[in-house]
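Novice: what follows is a predicted structure for the sequence shown.
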Amino acid sequence: MPVEDCAPMKSSLFSRIVGPLMVVALMSIGLNLHSQTKLRTDSLIQLIHLENIDSIYISLNFDVADELLNNSPDSASIFIRQAMKRSQQSGDKKNLALGYNYLGNLSVQEAHYVTALEHFQSSLSIYKEIGDKKGQANLTNNIGIIYTHLEEHDKALGHYKESFRLNHELGNWENASYSLINTASEYLALDQLDSARAYYYQLKFLHDLHNEISDDQMILGEIYLKEGKADSSITCFQRAIEKCLQEKDIYVTSAIRLSLAKAHILKHEYVVANSYLNMSEKSSVQNEYNDLLLEIMAERTTLLQSIGNYSGALENQKKYIAFKDSLDRINRFNRISELNAKYESEKQEMRISRQQQQLQSKNSLIISSLIGLGALVIISGLILFNLLKKRKVNATLRNQNSQIRQQRQKIISSLNYAKKIQRSILVPEQVIRNVLPNSFVFFKPKDIVSGDFYWFKKNGDEVILATVDCTGHGVPGAFMSLIANSQLEKAVNEKKLSDPGDIMKYVHEQILIVLNQDDSAHSVQDGLDITICLINTRTNSLRFAGSGNAIYLVKGNEIRELKTENYGLAGEFFAKKASMRNLFASKSIQYETGTDLFMLTDGYLDQFGGVEKKKLNKPRFREFLKSLSQSNLHNAQQLCEQFFENWRGTLPQLDDVLLIGARL
């Protein structure tokens with residue numbers, strides 16, 4: 001297959017990676033087609049053995065890999081590596097880059113995303129070295145899709161936008177449209193509907209200029225659906241499904257029918273919704289679209305609840321949980337993460353490298369001594385023995401490296417799944433915006449999972465908003481955040497507490513009990529900082545309590561700091577100082593309409609950066625909040641990201657970062 005035919009992968013709203021477009025999809029239509037495919041593959045393999053010209057030999061190997069990619073990926077890998085080896089020997093860097101791209105796509109098929117990322121980055125480096133912009137554009141898009149799988153949204157968006165820039169310069173409008181679709185899809189996943197709509201209109205503008213590309217009505221339909229505009233979403237989905245039926249795209253057709261079912265449930269048209277669910281389910285079962293089947297089961301539960309069939313809904317929910325658990329077990333070792341496993345693997349690799357150096361040094365010393373002793377035959381025999389020993393050592397090292405890679409992917413699998421669980425407890429930003437329209441949440445964990453989180457609840461005219469910073473970050477912080485979140489839920493939803501001080505006291509006392517912190521011999525002495533605001537939008541009153549982090553109110557060019565206590569909740573200090581538990585007290589103030597409220601954890605202020613590589617001081621931060629207040633807070637998230645990244649520069653992020661703003 002010629003290099004120029006290599007196309008980028010395309011993400012979609014329904015499948016975070018649709019199969020690589022560079023791979024020729026082989027549809028098995030009965031035994032005859034399978035036989036024809038096998039005959040063609042065998043013929044190509046025979047030609048490879050007879051071919052001496054490098055370029056033809058490489059092309060034939062890639063052609064065989066194309067035939068084997070879907071049905072026999074392990075065999076495909078052998079032919080890809082043969083092509084890469086000849087490319088390396090002949091100095092053919094373009095085909096070498098193509099080989100890495102092939103290997104990346106193979107790894108995607110196996111859900112080995114760490115490995116896929118490494119291959120794609122190797123391919124991109126070569127394309128940059130030889131100045132191939134088309135290859136750079138395609139690989140940049142592919143790397144973005146890997147980051148989408150990792151839920152590294154900022155990195156994914158950055159790569160999609162760079163891919164669009166390169167494709168735009170090249171005039172490659174079809175691939176440019178893929179980049180726009182992927183960017184819009186990413187913003188949809190983040191519930192940033194304004195940004196998603198902006199990129200959809202950019203896609204539509206490109207479509208108007210170049211009619212041969214799609215304007216992707218699915219994206220607009222999903223935007224309308226998230227906005228609750230059922231009729232508009234149905235119109236878009238109907239247009240999209242007509243095109244998919246013409247192109248016989250079974251997967252996307254099934255996905256659109258699922259979205260149509262959601263839209264009709266929103267309109268209370270349950271019979272029509274059930275019909276679409278049945279059609280989507282039938283094709284998903286036939287083609288083993290397990291991700292869609294899981295969504296279909298969840299939506300069927302919603303449908304059964306809506307028509308009052310609660311026993312059926314409960315039964316369906318049990319099936320959903322069982323099916324989800326089975327998929328999780330199957331996929332657990334194929335999902336990835338990039339943090340703790342990376343550190344462990346690097347330590348192991350360093351240890352192996354040291355062992356290899358010691359072995360090589362020892363072997364060199366033995367060889368030198370034997371050479372000094374004498375006989376040519378003996379020396380030759382010993383050299384041969386040494387070479388065999390080296391081969392054995394190298395084989396051992398290769399096996400250890402393979403074990404390291406497997407261990408890394410297993411460890412990261414659990415972390416990435418833990419991230420999804422943790423993110424599920426957070427209220428979607430769109431829910432907050434429905435109550436406080438001019439608001440934003442800037443949430444940037446240091447690691448995959450976070451010790452920071454936010455909490456939101458609306459009760460009549462009152463809104464409870466909290467920012468929480470648990471001890472540590474990463475896995476320990478995430479465990480504490482789950483405990484703290486559950487206690488906040490109990491305090492407000494079960495105990496019906498609304499006063500911030502009362503909520504803090506309850507959470508504090510419950511964590512002491514849960515972690516046995518009154519028993520100094522066996523307890524875990526961790527705690528948290530928390531700030532809670534009770535906002536009454538009818539009376540323009542703000543009642544607050546907190547520990548560790550201040551609250552800021554900005555009106556015009558004036559900024560007011562509401563200081564909180566300097567002690568945290570739970571932990572060893574309070575476990576020993578029971579009398580201090582009475583210090584949780586709320587304060588009340590009145591605010592003017594249009595005042596901006598900012599709440600945060602300490603990650604922003606504690607970050608080192610700037611020219612002097614020092615912490616971000618309060619005066620500089622207060623000026624930044626004033627500048628935010630002068631703009632529309634709905635778009636402030638990007639400004640927060642830009643300010644934070646510019647401040648830290650090349651320095652590592654030190655802690656989880658959380659900043660929330662709302663115009664009252």
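Specialist: That came through fine.
Novice: do a quick rundown of the helices in the stretch 551-664 of the chain.
Specialist: Using DSSP state H, counting those that start in this stretch, the helices of the stretch 551-664 of the chain run over 571-576, 618-629, 636-648.
Novice: would you list these in a markdown table and tack on mean neighbour count and mean pLDDT?
Specialist: All C-beta spots, glycine's among them, are computed from the backbone N, C-alpha and C. Below are the helices of the stretch 551-664 of the chain laid out as a markdown table (neighbours: other C-beta atoms under 10 Å; pLDDT from 0 to 100):
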| stretch | mean neighbour count | mean pLDDT |
| --- | --- | --- |
| helix 571-576 | 17 | 54 |
| helix 618-629 | 16 | 91 |
| helix 636-648 | 17 | 89 |
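Novice: how about Val468: what's its closest non-neighbour residue?
Specialist: Spatial nearest neighbour of Val468, chain neighbours left out: Ile530 (4.9 Å); criterion: C-beta to C-beta, 6 or more residues apart in numbering.
Novice: may I have the helix or strand hosting that neighbour exported as CSV, CA atoms only?
Specialist: Assessed by DSSP states H and E, Ile530 sits inside strand 527-536. Only the C-alpha atoms of strand 527-536 are listed here, as CSV (Å, rounded to 0.1, in the frame of the first residue of the first chain):
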residue,chain,number,x,y,z
GLY,A,527,-8.1,15.0,56.8
LEU,A,528,-9.3,17.7,54.5
ASP,A,529,-9.8,21.4,53.9
ILE,A,530,-13.2,22.4,52.9
THR,A,531,-15.1,25.6,52.0
ILE,A,532,-18.9,25.7,51.9
CYS,A,533,-21.2,28.5,50.7
LEU,A,534,-24.9,28.7,51.1
ILE,A,535,-26.2,31.1,48.5
ASN,A,536,-29.8,32.5,48.7
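Novice: which ones are touching Leu209?
Specialist: Trp173 (C-beta atoms under 8 Å, 6 or more residues apart in numbering).
Novice: got a pLDDT number for it?
Specialist: Model confidence at Leu209, given as pLDDT, is 85.
Novice: repeat for Ile53
Specialist: For Ile53, the model assigns a pLDDT of 82.
Novice: what's the spacing between Lys93 and Asn211?
Specialist: 36 Å (C-beta to C-beta, to the nearest Å).
Novice: which one of the two is surrounded by more residues?
Specialist: Lys93 (15 against 8; other C-beta atoms under 10 Å).
Novice: what residues are up against the more buried one?
Specialist: Counted by C-beta under 8 Å, 6+ apart, Lys93 has contacts Ser87, Ile126, Glu129, Ile130.
Novice: my read is the second one is in a strand, agree?
Specialist: Yep, that's Ile126 we're talking about. No - per DSSP: H, G, I helix; E, B strand; the rest coil, Ile126 lies outside any strand segment and is helix.
Novice: excluding chain neighbours, what is closest to it?
Specialist: Using C-beta to C-beta, 6+ apart, the nearest residue to Ile126 is Ala97, at 3.9 Å.
Novice: check which helix or strand the one you found maps to.
Specialist: helix 93-109.
Novice: how near is the residue lying closest to Ile130 once chain neighbours are set aside to Asp54?
Specialist: With sequence-adjacent residues excluded and distances taken as C-beta to C-beta, 6+ apart, Ile130 is closest to Lys93, at 5.2 Å. From Lys93 across to Asp54, the span is 13 Å (C-beta to C-beta).
Novice: before I go, just wanted to say thanks for your time.
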